[in-house]
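K.L.:
just coords:
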């Protein structure tokens, strides 16, 4: 239908309030300025089995609260061009397969992600199922983690020139940063 072609999917992750607040601000801005566009919100956890998503969130919050040094260690490992990218790509491929039916049913004209995990899921989905849907990343952090970097992301939006300067040299020629 015509309405389906005017739909934006807005994906985030329920880990840290900044990602969700950015998604909410984007949704509110679209609703205020574009009456003929529907926004469908979801999180990366919607594509996990329910109990796995709940368990992951509990473990994540416990690590942040009781052993922040472990989070820092995992974050640094994940930011290296190493085996973490293999783990990332396997996880994204599995979650993209779980998300495929839902994404196909939505028929969005674009997808916006405010967290690296859903950006990775949608990147894997685009590679396998639908290369034509534009994908935009809204980087809500002060730095750009390597798990944000995918050839399938058409453009990135950042809040500060410093983040733009960090990201720009890492992009492919068809990608943009604003």
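P.N.:
Here it is on my side, so go on. If you're wondering where the values come from, they're calculated on a predicted model, not measured in any experiment.
K.L.:
what does the one helix or strand residue 32 maps to rub up against?
P.N.:
Using DSSP states H and E, residue 32 sits in helix 17-33. Helix 17-33 is contacted from outside by 8, 10-14, 37, 39, 41, 112, 114-115, 138, 140-141, using CB atoms under 8 Å, 6 or more residues apart in numbering. The C-beta positions use only the backbone N, C-alpha and C, and glycine is treated the same way.
K.L.:
Stretch 164-178 too?
P.N.:
With CB under 8 Å, 6+ apart, stretch 164-178 has contacts from 139, 143, 144, 149, 151, 153, 154, 155, 156, 157, 158.
K.L.:
Show me which of those residues are buried.
P.N.:
Listed as buried from the contacts of stretch 164-178 are 139, 144, 149, 153, 154, 155, 156, 157, 158; burial here means 16 or more other CB atoms under 10 Å.
K.L.:
okay, those residues in JSON lines with distance to residue 84 and secondary structure next?
P.N.:
Compiled in JSON lines, the buried ones among the contacts of stretch 164-178 are given as follows (distance: CB to CB, whole Å; DSSP: H, G, I helix; E, B strand; the rest coil):
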{"residue": "139", "distance to residue 84": "18", "secondary structure": "coil"}
{"residue": "144", "distance to residue 84": "15", "secondary structure": "coil"}
{"residue": "149", "distance to residue 84": "12", "secondary structure": "coil"}
{"residue": "153", "distance to residue 84": "18", "secondary structure": "coil"}
{"residue": "154", "distance to residue 84": "24", "secondary structure": "coil"}
{"residue": "155", "distance to residue 84": "24", "secondary structure": "strand"}
{"residue": "156", "distance to residue 84": "20", "secondary structure": "strand"}
{"residue": "157", "distance to residue 84": "24", "secondary structure": "strand"}
{"residue": "158", "distance to residue 84": "22", "secondary structure": "coil"}
